[in-house]
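Asks: My questions are about this predicted structure, shown below with the sequence.
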Amino acid sequence: MSQPLPAEVQAFAQANDFPLTQELDPGYCSRIFRHGDRILKFPFQGEEQTSGFHAAYQLEQIGGPKIYAGHEQTGSLIMEFIPGGMSLTTSGQPDEPTFIHLARQVQKLSTENCLPLENYYQNLPDFGKALFATTTNPVFLHGDLHHSNILLDERTNEFRPIDPKGLVGDAAFECVAFLRNPIDTLPFREDLFEFTVGRIERLSQALTLDPARIAAWTYIDRAFDPDLEPSSPWRKVIPTFERIYHHFL
Ligand SMILES: Nc1ncnc2c1ncn2[C@@H]1O[C@H](COP(=O)(O)OP(=O)(O)O)[C@@H](O)[C@H]1O
Ligand SMILES: [Mg+2]
């Protein structure tokens with residue numbers, strides 16, 4: 001992608017001595033540039049520009065990248081570059097202990113400026129709306145804590161979270177992004193049902209969460225996403241996620 005950035009983002013970069021010459025592979029919602037040991041993130045859609053911007057400052061407290069400068073109007077951030085190039089997908093290390101550790105940490109963060117989960121999802125079926133009505137203790141949610149948003153820092157060998165949405169709501173929701181990944185292998189598993197049921201049981205135990213709520217969110221998240229493209233690999237997992245939802249009822 002080589003479209004010029006908005007003038008105000010260019011001015012923000014310039015004011016922080018950040019030349020926009022090296023662009024990393026595009027993410028789903030952002031453009032990322034690197035200069036030495038810093039990156040500049042320009043989110044171009046949705047909640048990443050607003051609640052995600054504020055949540056990045058929260059995430060700093062639990063190992064997220066250090067933030068050197070922010071431009072609130074565009075949601076742009078200049079942050080620490082995490083070296084190593086490995087994520088929870090590519091590191092080859094077991095993913096559950098790392099996810100569980102990070103999920104425990106994020107729950108403790110302040111929910112100030114977070115986007116309520118109710119506002120994130122519209123047009124849910126009644127059983128989805130019932131999850132909102134029965135959420136007793138809303139917490140900070142990273143909201144997208146999946147394998148590619150957990151980077152292995154080669155200096156410390158620690159996994160570090162990036163790219164929060166900054167939602168507030170049911171703690172069970174945090175498991176969703178993890179359970180629908182890694183996307184390049186998950187839809188092709190012949191044991192997707194048993195594998196995912198096992199994951200839900202272990203996560204619910206470790207995080208003291210209701211497995212039925214985890215399963216319900218995991219089904220809802222993909223099945224009722226109006227923006228999910230017809231060719232999306234996630235379409236393949238939806239029927240199994242629906243069976244899993246019924247399994248835990
Ligand atoms: N602080 C960082 N250090 C190193 N790489 C990063 C950093 N932030 C983002 N990246 C790289 O850029 C990709 C996209 O960034 P991300 O913040 O996840 O944006 P998106 O919202 O588009 O997913 C990441 O998956 C990662 O490979
Ligand atoms: Mg990301």
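Replies: On my side now, so go ahead. Ligands and ions are numbered 1, 2, ... in the order given.
Asks: hey, let's count contacts and neighbours off CA atoms from now on
Replies: OK.
Asks: who in the protein is up against ligand 1?
Replies: 27-30, 32, 65, 79-82, 148-149, 162-163 (C-alpha under 6 Å from any ligand atom).
Asks: from these, which two are the most distant?
Replies: Tyr28 and Glu80 (19.9 Å; C-alpha to C-alpha).
Asks: Between the two, which has more neighbouring residues?
Replies: Glu80 (18 against 9; other C-alpha atoms under 10 Å).
Asks: Next up, the contacts around the more buried one.
Replies: Each residue near Glu80 by C-alpha atoms under 8 Å, 6 or more residues apart in numbering is listed here: Asp37, Arg38, Ile39, Pro65, Lys66, Ile67, Tyr68.
Asks: quick one: secondary structure of the third one?
Replies: Three-state secondary structure (criterion: DSSP: H, G, I helix; E, B strand; the rest coil) places Ile39 in strand.
Asks: My read is that it contacts Phe81, right?
Replies: Yes: the pair Ile39 / Phe81 is scored as a contact, 5.5 Å apart, by C-alpha atoms under 8 Å.
Asks: Those two - which one has more neighbours?
Replies: Just comparing Ile39 and Phe81: by other C-alpha under 10 Å the higher neighbour count belongs to Ile39, 24 against 19.
Asks: residue contacts, that one?
Replies: Counting by C-alpha under 8 Å, 6+ apart, Ile39 makes contact with Ile32, Phe33, Ile78, Met79, Glu80, Phe81.
Asks: Show me the beta-bridge partners of it.
Replies: Taking DSSP bridges, one obtains Arg34, Met79 as the residues bridged to Ile39.
Asks: how about the strand or helix carrying Gln10 as PDB, C-alpha atoms only?
Replies: Assigned by DSSP states H and E, Gln10 belongs to helix 7-15. Taking C-alpha atoms only, helix 7-15 is exported to PDB below (Å, rounded to 0.1, in the frame of the first residue of the first chain):
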ATOM      1  CA  ALA A   7      -1.300  15.300   6.400                       C
ATOM      2  CA  GLU A   8      -1.800  15.400  10.100                       C
ATOM      3  CA  VAL A   9      -0.200  12.000  10.500                       C
ATOM      4  CA  GLN A  10       2.700  13.100   8.400                       C
ATOM      5  CA  ALA A  11       3.100  16.300  10.600                       C
ATOM      6  CA  PHE A  12       3.000  14.100  13.700                       C
ATOM      7  CA  ALA A  13       5.800  11.900  12.300                       C
ATOM      8  CA  GLN A  14       7.800  14.900  11.300                       C
ATOM      9  CA  ALA A  15       7.400  16.500  14.700                       C
END
